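> my questions are about this predicted structure, shown below with the sequence.
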Amino acid sequence: VLLVFYAVLRNQYAKNFRVIYNIPRIFSSKVREDDVRIKLLNEAHIAFLIQHCLLIAFLLIIIVPPNVDLPFTIPYLNFPIQTFSKYILLWGELALIVFVTIWAKYLLLMLLGALFRLRAMKYLHMFDFMRMSLVFWAGVFVVMICFFPNVHISEEIYIKSLIYGFLLFALLRVAVLYFRISKNASFRNVYLFSYICVAEILPLLAGLELLIG
């Protein structure tokens, strides 16, 4: 299903696909004019968002199966699961949770963008946030397909590697977003740092507290 979805996106929205999965543009400090004129609420980006939610939900089920003893709990989900139909239901539930979380992130950035008077930068922030997430999780998907069946590692090291890997990606994303916005914003670094803390770091800490706590 996921591979078919990728094929449909690649052929139906070829231009958007090239822009989103353009890694050099993600890490470039230069922002093109079309980057700040992104329309996030259009058919193409909604399709990419749905595929992204399904992909993350699938990876969560595969990487962190319900029979693994996790150091945290996932609210509103029932474990363990024993039938294929229940796994499909779990996939849909997780995808819906991811979808709602991303929309909450979008609303937060729009409110903060208005508060900090970021104007077009708030759309660039959300677009870069989503673009990095799409590329990262697509990379994880490829790694899972190629290497996961042959990996033999202790459960404790496995879970710690997952947590540290996600934290490393989150911190890298914060750093890239900070430098991308700072190169194109007209306000001081202290002002920008305050915005990044509220928009990125505090939600990350809150999410970790919700899971681990």
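Great, that's in hand.

> list the contacts of the closest residue to Val1 other than its chain neighbours.
Ranked by Cβ to Cβ, 6 or more residues apart in numbering and with sequence neighbours excluded, the top spatial neighbour of Val1 is Leu54, at 7.3 Å. To be clear about C-beta, it is placed using only N, CA and C from the backbone, and glycine gets the same treatment. For Leu54, the contacting residues are Val1, Leu2, Phe5, Trp91, Ala95, by Cβ atoms under 8 Å, 6 or more residues apart in numbering.

> touching, the fourth one and Phe58? I think so.
Yes. Under the criterion of Cβ atoms under 8 Å, Trp91 lies in contact with Phe58, with a separation of 6.3 Å.

> centroid-nearest residue for the chain?
To find the centre residue of the chain, average its C-alpha atoms and take the closest one (Cα atoms, centre = their mean): that gives Ser133, at 3.6 Å.

> quick one: average confidence on the helix or strand hosting Leu54?
With the criterion set as DSSP states H and E, the secondary-structure element containing Leu54 is helix 43-63. Across helix 43-63, pLDDT averages out at 90.

> which SSE is immediately downstream of it?
Next along the chain after helix 43-63, taking DSSP H and E as the criterion, comes helix 84-115.

> export stretch 17-26 as PDB, just CAs?
Listed in PDB are the C-alpha atoms of stretch 17-26, where the atom choice follows Å, rounded to 0.1, in the frame of the first residue of the first chain:
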ATOM      1  CA  PHE A  17       7.700  15.300  -5.300                       C
ATOM      2  CA  ARG A  18      10.900  16.800  -6.600                       C
ATOM      3  CA  VAL A  19      10.700  19.900  -4.400                       C
ATOM      4  CA  ILE A  20       9.900  17.900  -1.200                       C
ATOM      5  CA  TYR A  21      12.500  15.200  -1.600                       C
ATOM      6  CA  ASN A  22      15.200  17.600  -2.600                       C
ATOM      7  CA  ILE A  23      17.800  17.100   0.100                       C
ATOM      8  CA  PRO A  24      20.200  19.900  -0.900                       C
ATOM      9  CA  ARG A  25      17.400  22.400  -0.700                       C
ATOM     10  CA  ILE A  26      16.500  21.200   2.800                       C
END
